[in-house]
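Q: need coordinates for the following:
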Amino acid sequence: MTIDFSRDKPIYSQLVDRICGDILKGKLELGDRLPSVREYAVETGVNVNTVQRVYKELEAMNITETKRGQGTFITTNEERIVLLREDMKNQLAENFLTSIEALGFSKEEMLVVLTKNREVK
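A: Numbers count the residues shown, from 1 in each chain. Below you'll find the predicted structure:
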């Protein structure tokens, strides 16, 4: 299963976001073992070096822990996952605000639309 990647963001960064999203959605749980670098490269259809960079980035973010000879595991530190959730939420909000401002919409205008759309559902 290969993934369609966006051209406006590096592939490794998109895979980091994908794994973080899977953690936040509960598809990956605390302490879960990630596939080996080779397995994940085949699964995603990317180069092994790209996956190594993904795993290195996740470890630098304290999202994963590598145990020599055993593999790479999602952290068991719940506080770190709470911080990840807050970071991703803030990043999404900032990207959204930047996008609407670039199109000439005000925050207040979009808040009205978002509130109205939420009430309809």
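Q: show me what contacts the spatially most central residue of the chain?
A: Of all residues in the chain, the one closest to the mean position by Cα atoms, centre = their mean is residue 17, 2.0 Å from it. Counting by Cβ atoms under 8 Å, 6 or more residues apart in numbering, residue 17 touches residue 88. Any C-beta I mention is one placed from the backbone N, CA and C, and that applies to glycine too.
Q: please apply the same query to residue 67.
A: Counted by Cβ under 8 Å, 6+ apart, residue 67 has contacts residue 73.
Q: tell me where the protein has helices.
A: Applying DSSP state H to the chain gives helices spanning 11-25, 37-44, 48-60, 78-102, 107-120.
Q: can you pull the buried residues of the second one?
A: By neighbour count with 16 or more other Cβ atoms under 10 Å, helix 37-44 contains the buried residues 37, 40-41, 44.
Q: using CSV, write out every CA atom in that helix.
A: Extracted C-alpha coordinates of helix 37-44, given in CSV (Å, rounded to 0.1, in the frame of the first residue of the first chain):
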residue,chain,number,x,y,z
VAL,A,37,12.4,0.3,8.8
ARG,A,38,12.3,-2.0,5.9
GLU,A,39,8.8,-3.2,6.5
TYR,A,40,7.5,0.4,6.8
ALA,A,41,9.5,1.4,3.6
VAL,A,42,7.7,-1.3,1.7
GLU,A,43,4.3,-0.5,3.3
THR,A,44,4.5,3.2,2.4
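Q: so which elements touch that helix?
A: Applying 3 or more Cβ pairs under 8 Å, 6 or more residues apart in numbering; DSSP states H and E, one finds that helix 37-44 contacts helix 48-60.
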